[in-house]
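# Below is the sequence, then the predicted model.
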There are 2 protein chains.
Amino acid sequence: MQSRIPASRTGRPRDAAADAAILAATRQALIEVGWSKLTLGDVAVRAGVAKTTLYRRWAGKNELVVDAVAELFDALRLPDRGSLAADIEGVVLQFAAILARPEARSGLMAVVAEATRDEALRERIRASIVERQKRLVLAGRARAQERGELPPERDAGEAARSVDLIFDMVAGAVVHRTLVSAEPADEEWVHGFTRVLLSGLAAAPG
Amino acid sequence: MQSRIPASRTGRPRDAAADAAILAATRQALIEVGWSKLTLGDVAVRAGVAKTTLYRRWAGKNELVVDAVAELFDALRLPDRGSLAADIEGVVLQFAAILARPEARSGLMAVVAEATRDEALRERIRASIVERQKRLVLAGRARAQERGELPPERDAGEAARSVDLIFDMVAGAVVHRTLVSAEPADEEWVHGFTRVLLSGLAAAPG
DNA sequence: GTGCTTTCGCTACGGGTCGTAGCGTAATGC
DNA sequence: GCATTACGCTACGACCCGTAGCGAAAGCAC
């Protein structure tokens, strides 16, 4: 999943530790110098590998940063706080906390911008970040339906569209609040946002 | 508002037509080569001016692209379709149409990414794009309150927070849908989104 | 008109990054 | 041992950056 360029089956195997070192170095470089001034030569020095080694594993800066950032979002967990509203607030707060970290802010938006002109990169982001985290929406909704807090979907297509909409609204609002409005997505804001979102979902099924 | 570097009062005045030519050339370059491969030398050639002229007016690539993209959003209008839901749908569809244009997609996200590490650039984006377009939310809400579709705010602080939340939700959702999920924000999607948003706002005042 | 000031187009430059090629060496499978 | 691949290192041409310096042009004050 990480290395875009696959390793061969024969010959000397790749150093597995180098992958982790490179991704960690990439995140550190994002923190210290940001996306635009991040150079692959610098990352290689930080990771303690040769620049050519880096190019053997990743096609370029875009792919490398996507992988480095994607790992950050794997820490997201769906808490069980007893109610859908509280569960969502918990996830959104975690999401906001990740987006507050400079390596996530600088890297994520930059690769999304690059992806507007790169179909393969867009698919890479979708697969390794977006689709990967939709598990949270699915699990949260299923639990809420068990509790009777949300009505069941009429059909599968309806359900899929609903998940997509919720994901776009949650991720979009938090990202916009954090990166564009440049205001913190703190507990007060998350509480207000969650209330509006849930009221809307409950009142407008489908 | 456009040229970051102010002109002097005496001496030969700047060619006013050059500003428009440079901004148009910037947008055209965003369409053809995208943000990352956009060079100021290329923009200067496209605009028919010397590279040094460009540097006399803008501090760099970031500031230039912000100005070039900001103009795109000035075309937004609040239509009067008779109901708040219809009005919002109209604005959101216009917003989605702008974001569907490659010069807006590529440029906007890139400068937002750069702004995560540049306070002045962040303020520039806020002033020339975000705050500038909040007029739409304000006008839409005022009209809805006249119609009785939305309750009045309790106080000014409440009202301001509400506008910020609405703006983050609308802009965030459309941007995320268009650029990250890479799905079109068509009429069907906008209709569903608007329904959820308005139901939420009506049910969860303040 | 005559100066003063600033803009403009042009050329040239050092500095930095890119992505690749080439080499000798190290590590694994057969 | 042999083939194959990964690794570290060096070097390279290509490109873009941002600035300096120049002569010419276009306004303003007088």
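Structure received.

# List the buried residues of stretch A:196-206.
Residues of stretch A:196-206 classed as buried by neighbour count (16 or more other C-beta atoms under 10 Å in any protein chain shown): A:196-202, A:204. Yep, even glycine has a C-beta here, placed from its N, CA and C like the rest.

# Out of these, which one has the lowest pLDDT?
Among the buried residues of stretch A:196-206, A:A204 has the lowest pLDDT, at 75.

# what residues does chain A put near DNA strand D?
Residues of chain A lying near DNA strand D by C-beta under 7 Å from any atom of the strand: A:7-8, A:10-15, A:18, A:48-53, A:56-57.

# Give me the domain ranges for chain A.
Domain assignment for chain A, taken from automatic domain parsing, gives A:16-68, A:72-203.

# So A:A202 sits against A:L150, correct?
Yes: between A:A202 and A:L150 there is a contact at 7.0 Å, judged by C-beta atoms under 8 Å.

# Quickly find the element holding A:I5.
Of the helices and strands defined by DSSP states H and E, none includes A:I5.

# show me what contacts A:R117?
For A:R117, the contact set (C-beta atoms under 8 Å, 6 or more residues apart in numbering or on different chains) comprises B:34-35, B:102, B:106.

# Closest approach to DNA strand D from chain A, which residue is it?
Residue of chain A nearest DNA strand D, by C-beta to the nearest atom of the strand: A:G11 (2.0 Å).

# three-state assignment of that residue?
Assigned by DSSP: H, G, I helix; E, B strand; the rest coil, the conformation of A:G11 is coil.

# Run through the strands of chain A in chain order.
Read by DSSP state E, chain A holds no strands at all.

# Show me what from it comes close to DNA strand C.
Counting by C-beta under 7 Å from any atom of the strand, chain A sits next to DNA strand C at A:10-13, A:39-42, A:51-52, A:55, A:60-61.

# Quick one: buried ones out of those residues?
Using 16+ other C-beta under 10 Å, the buried ones in those are A:40, A:42, A:61.

# looking only at pLDDT, what's the mean for stretch A:166-174?
The average pLDDT for stretch A:166-174 rounds to 95.

# Tabulate the CA atom coordinates of that stretch in PDB.
The C-alpha trace of stretch A:166-174 is given here as PDB (Å, rounded to 0.1, in the frame of the first residue of the first chain):
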ATOM      1  CA  ILE A 166     -22.300  12.700   5.500                       C
ATOM      2  CA  PHE A 167     -18.700  12.300   4.800                       C
ATOM      3  CA  ASP A 168     -18.500  15.300   2.600                       C
ATOM      4  CA  MET A 169     -20.300  17.400   5.100                       C
ATOM      5  CA  VAL A 170     -18.200  16.400   8.100                       C
ATOM      6  CA  ALA A 171     -14.800  16.400   6.500                       C
ATOM      7  CA  GLY A 172     -15.600  19.400   4.400                       C
ATOM      8  CA  ALA A 173     -16.800  21.500   7.200                       C
ATOM      9  CA  VAL A 174     -13.900  20.700   9.500                       C
END
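
# and that stretch, how far from the chain's centre?
The chain centre lies 12 Å from the centre of stretch A:166-174; the measure is C-alpha atoms, centre = their mean, to the nearest Å.

# now do stretch A:179-191
Centroid displacement of stretch A:179-191 relative to its chain, using C-alpha atoms, centre = their mean, is 18 Å.

# same question, stretch A:127-134
Distance, centroid of stretch A:127-134 to centroid of chain: 7 Å (C-alpha atoms, centre = their mean).

# buried stuff in that stretch?
For stretch A:127-134, by 16+ other C-beta under 10 Å, it's A:128-130, A:133-134.

# about what we covered before: from the buried residues of stretch A:196-206, pick the one nearest A:V174.
Lowest distance from A:V174 to the buried residues of stretch A:196-206 (C-beta to C-beta) belongs to A:L197, with 11.1 Å.

# residues contacting that closest one?
A:88, A:166, A:169-170, B:196, B:200.

# any idea how far A:R143 lies from B:A44?
Distance, A:R143 to B:A44, using C-beta to C-beta, to the nearest Å: 57 Å.

# May I ask you to confirm that A:F167 is in contact with B:S181?
Yes: applying C-beta under 8 Å as the test, A:F167 and B:S181 come out as touching, 7.5 Å apart.

# Report the residue spans of chain A with pLDDT below the cut-off.
A:1-3, A:205-206 (pLDDT under 70).

# how about the helices in it?
A:16-33, A:40-47, A:51-57, A:61-73, A:84-99, A:102-115, A:119-125, A:131-147, A:156-175, A:187-203 (DSSP state H).

# okay if I get the ones you listed as a markdown table plus distance to B:Q28?
What follows is the helices of chain A, written out as a markdown table (distance: least, C-beta to C-beta, whole Å):
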| stretch | distance to B:Q28 |
| --- | --- |
| helix A:16-33 | 30 |
| helix A:40-47 | 30 |
| helix A:51-57 | 32 |
| helix A:61-73 | 23 |
| helix A:84-99 | 33 |
| helix A:102-115 | 18 |
| helix A:119-125 | 22 |
| helix A:131-147 | 34 |
| helix A:156-175 | 28 |
| helix A:187-203 | 38 |
